[in-house]
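Peer 1: Here you go, sequence then predicted model.
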Amino acid sequence: MKVDFSVSDFLYRAENVHGDRVGIHDEPDAPGGGLGSLSYRRVGQLARAQAAGLDALGVGMGERVAIVSQNSARMFVSFFGVSGFGRVLVPINFRLSSAEIEYIIEHSGATVLMVDPELADSVAGIDVKHRFVLGHDTDAAIFPEGVEPRPATPDEDATATINYTSGTTARPKGVELTHRNVWVNATTFGWHAGVSMRDVYLHTLPMFHCNGWGMPFAAAGMGVPQVVLRKVDGAEILRRVEQHGVTLLCGAPAVVAAVLEAAPGWDGPVPGAGTTRIVVAGAPPPTRTIERVETELGWEFIQIYGLTETSPLLTMNRSRQEYDHLSPGERAVQLGRAGAPAVGIRLKTDDQGEVLARGNVILAGYWNQPAETAEALDGGWFHTGDGGRIDDEFHLSIVDRKKDVIISGGENVSSIEVEDALFSHPGVAEVAVIGVPDDRWGETVKALVVPAAGHEVGERELIDHCRDRLAHYKCPTSVEFRDVLDRTATGKLQKFKLRAPYWEGHDRQVH
């Protein structure tokens, strides 16, 4: 008899096969009171209790339940207690402003809002039918003990979650992901990354992010203990790796940079050397960073490519036998590619070089935005908005976001290529390359640079550094030094914010 896929499948297996194993280590000093270390059996009990609590509130199947929270065990349970029992989880970026959070709640039509105690003030004025501050004071209402929920009939085409895009360009769109989308993503990622019960996973990504909530399912299905990390700190990540024996974590390049910065100050061998693998996504990392992960940390570097709209996994690139004979620098170049398509994924590029994708992980649509949905899925392929190329080994390399291509004097300049050249200079810690208006060329290349600690570097030095490595038309014509760069919560550069001041008074940003 055929049974539809459901996110509840992962917890069902964890409870029955690995019930006595630790499911999640919460932070004991979390605001509202941490839940400590919960077995997978206890996670299952709390998930059913939460579903029963939603029943008691009259929250029907398919209704949206929003959560604004830093990483926590209660948020982890909600992946199963909400989505696993027929409702739709709406995990919201906790770093958004009150107005932005209010927009998402209103746009999604959420009737329930759960909020971390640390963030309660940011949503105080938002009108919603049911509001709960997560913590011991409200556990009895959200997780009522001893009450069984109404059974939910699995429907793999039903929406499991609405993840709002990070808003790097405009108003966020609600990405509808079905149970089938999430199920296929989790199992495919687990297979390609070799997730097994011998692993321990550390949540360095915020759980509201598509890869942040995708991993709990893949890990739970294999009985993997999961460790909560509320705030990214390089030294704290190394402590958790040592304390819990972490073997797997995910992070944007900014997370990797934080760990690399903390490692030299570590007393003794770097934890996890030879046993830990780090999955990097969110932006193509510079090859120098990849090399440092493998040589300085001794961790295996794995790159993936995907988007919220693709659940997210599309490609994966990890160490392969044919890389073994290469030097660390040469290996880093190979690992710098986004990788080969995951099983079940079809990829191609169109005449403009945009990456198009098909597969069971592609979104059902944008919530209440049919025009945007039709545009994104035009021709039966999802249009990623990323420029890329596929080489003879069928490995994808991301060239740039279409909107981040700089057109100077009629020539296309990939900002990523210029950023990679700048990252090869030891005095550069972070960099964003943008196009700024120019009367003669339309746009010229500008680099915004955060200097590395202990290094003094000048504009002319960095421009000359690029000229030694790139065609001159690709090189920055100016460099501006910054203390920080605008990023989303998941580490993506917010280039629309970085560009905006330079384009004031212009009708449009030339691309």
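Peer 2: Thanks, I have the structure now.

Peer 1: Any buried residues in stretch 223-233, and which?
Peer 2: Using 16 or more other C-beta atoms under 10 Å as the test for burial, stretch 223-233 gives G223, V224, P225, Q226, V227, V228, L229, R230, V232, D233. Where you see a C-beta, it was placed from the backbone N, CA and C, and this is true even at glycine.

Peer 1: Repeat that for stretch 325-338.
Peer 2: R331, A332, Q334, L335, G336, R337, A338.

Peer 1: Low-confidence regions, the protein specifically.
Peer 2: 166-170, 283-284, 401-403, 409-412, 439-440, 489-490, 506-511 (pLDDT under 70).

Peer 1: so where's the longest helix in it?
Peer 2: Assignment by DSSP state H gives helix 40-57 as the longest helix of the chain.

Peer 1: ok, and what's touching that helix?
Peer 2: Residues from elsewhere that reach helix 40-57, judged by C-beta atoms under 8 Å, 6 or more residues apart in numbering: 11-12, 14-15, 18-24, 38, 65, 76-78, 80-82, 84-85, 87, 112, 130, 141-145, 147-150, 152, 220, 223.

Peer 1: Cross those residues against helices and list the overlap.
Peer 2: 11-12, 14-15, 18, 76-78, 80-81, 141-142, 220.

Peer 1: nearest to E156, of those?
Peer 2: Closest approach between those and E156, by C-beta to C-beta: Y12, at 14.8 Å.

Peer 1: Not counting sequence-adjacent ones, nearest residue to the closest one?
Peer 2: Nearest residue to Y12 in three dimensions, chain neighbours excluded: G44, at 7.9 Å (C-beta to C-beta, 6 or more residues apart in numbering).

Peer 1: tally of neighbours for the one you found?
Peer 2: 24 (other C-beta atoms under 10 Å).

Peer 1: Quick check: the gap between it and G365.
Peer 2: G44 sits 31 Å away from G365, taking C-beta to C-beta, to the nearest Å as the criterion.

Peer 1: just how off-centre is stretch 199-217 within its chain?
Peer 2: The chain centroid and the centroid of stretch 199-217 are separated by 8 Å under C-alpha atoms, centre = their mean, to the nearest Å.

Peer 1: on that earlier part again, give me the buried subset of the contacts of helix 40-57.
Peer 2: Judged by 16+ other C-beta under 10 Å, buried ones among the contacts of helix 40-57: 11-12, 14-15, 18, 22-24, 38, 65, 76-78, 80-82, 84-85, 87, 112, 130, 142-143, 149, 152, 220, 223.

Peer 1: Check the separation of the first and last residues in stretch 450-468.
Peer 2: 21 Å (C-alpha to C-alpha, to the nearest Å).

Peer 1: re earlier: and the ones in helices among the contacts of helix 40-57, which two are the farthest apart?
Peer 2: Within the ones in helices among the contacts of helix 40-57, H18 and A141 form the most distant pair, 29.2 Å apart (C-beta to C-beta).

Peer 1: What residue spans form the domains of the protein?
Peer 2: Following automatic domain parsing, one gets these domains for the chain: 8-314+327-341, 346-388, 405-503.

Peer 1: what's the spacing between the closest residue to T289 other than its chain neighbours and P91?
Peer 2: Distances taken as C-beta to C-beta, 6+ apart place V256 nearest to T289, at 5.9 Å, with adjacent residues excluded. Distance, V256 to P91, by C-beta to C-beta: 23 Å.

Peer 1: Run through the strands of the stretch 101-250 of the chain in chain order.
Peer 2: 112-115, 130-133, 159-164, 174-178, 201-203, 226-228, 248-251 (DSSP state E, counting those that start in this stretch).

Peer 1: strands paired with the fifth one, and their directions?
Peer 2: I take that to be strand 201-203. With DSSP bridges as the test, strand 201-203 is paired with strand 226-228 (parallel), strand 248-251 (parallel).

Peer 1: Now render those strands as CSV, adding distance to I390.
Peer 2: Below are the strands paired with strand 201-203 laid out as CSV (distance: least, C-beta to C-beta, whole Å):
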stretch, distance to I390
strand 226-228, 34
strand 248-251, 24
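
Peer 1: In the helix or strand that contains V436, which residues are buried?
Peer 2: According to DSSP states H and E, V436 maps onto strand 428-438. Neighbour counts over strand 428-438 (16+ other C-beta under 10 Å) mark V428, A429, E430, V431, A432, V433, I434, G435, V436, P437 as buried.

Peer 1: wait, doesn't the third one sit right on V450?
Peer 2: Yes. Using C-beta atoms under 8 Å as the test, E430 is close enough to V450 to be in contact (3.9 Å).

Peer 1: which residues are in contact with both of the two?
Peer 2: Joint contacts of E430 and V450 (C-beta under 8 Å, 6+ apart) are L485.

Peer 1: From A262, how far out is the closest residue to F423 other than its chain neighbours?
Peer 2: Spatially, and ignoring its direct neighbours in sequence, F423 is nearest to P286 (3.5 Å; C-beta to C-beta, 6+ apart). As for P286, its distance to A262 is 19 Å (criterion: C-beta to C-beta).

Peer 1: Looking only at neighbour counts, state which of these two leads.
Peer 2: P286 (22 against 17).

Peer 1: quick one: stretch 44-51 to chain centroid distance?
Peer 2: 26 Å.

Peer 1: For it, buried residues please.
Peer 2: Going by 16+ other C-beta under 10 Å, stretch 44-51 has these buried residues: G44, Q45, L46, A47, R48, A49, Q50, A51.

Peer 1: what's the answer for stretch 261-271, then?
Peer 2: A262, A263, W266, V270, P271.

Peer 1: residues in contact with V59?
Peer 2: V59 neighbours (C-beta under 8 Å, 6+ apart): V65, R87, T111, V112, H130.

Peer 1: mind checking the SS state of it?
Peer 2: The assignment at V59 comes out as coil when based on DSSP: H, G, I helix; E, B strand; the rest coil.

Peer 1: Check the gap between it and Q50 for me.
Peer 2: Taking C-beta to C-beta, one finds V59 at 11 Å from Q50.

Peer 1: again, but for I290
Peer 2: For I290, the distance to Q50 (C-beta to C-beta) stands at 40 Å.

Peer 1: still on that earlier bit, return the longest helix of the chain as CSV; C-alpha atoms alone will do.
Peer 2: Output in CSV follows, covering the C-alpha atoms of helix 40-57 (Å, rounded to 0.1, in the frame of the first residue of the first chain):
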residue,chain,number,x,y,z
TYR,A,40,14.3,11.2,20.5
ARG,A,41,11.6,9.5,22.4
ARG,A,42,11.0,12.6,24.4
VAL,A,43,11.2,14.8,21.3
GLY,A,44,8.4,12.6,19.9
GLN,A,45,6.3,13.0,23.0
LEU,A,46,6.7,16.8,22.9
ALA,A,47,5.8,17.0,19.2
ARG,A,48,2.6,15.1,19.8
ALA,A,49,1.8,17.3,22.8
GLN,A,50,2.3,20.4,20.7
ALA,A,51,0.0,19.0,18.0
ALA,A,52,-2.6,18.4,20.7
GLY,A,53,-2.1,21.9,22.0
LEU,A,54,-2.8,23.3,18.5
ASP,A,55,-5.9,21.0,18.3
ALA,A,56,-7.2,22.6,21.6
LEU,A,57,-6.7,26.1,20.1
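
Peer 1: Just give me how far it sits from the chain centre.
Peer 2: Per C-alpha atoms, centre = their mean, the centroid offset for helix 40-57 relative to its chain is 27 Å.
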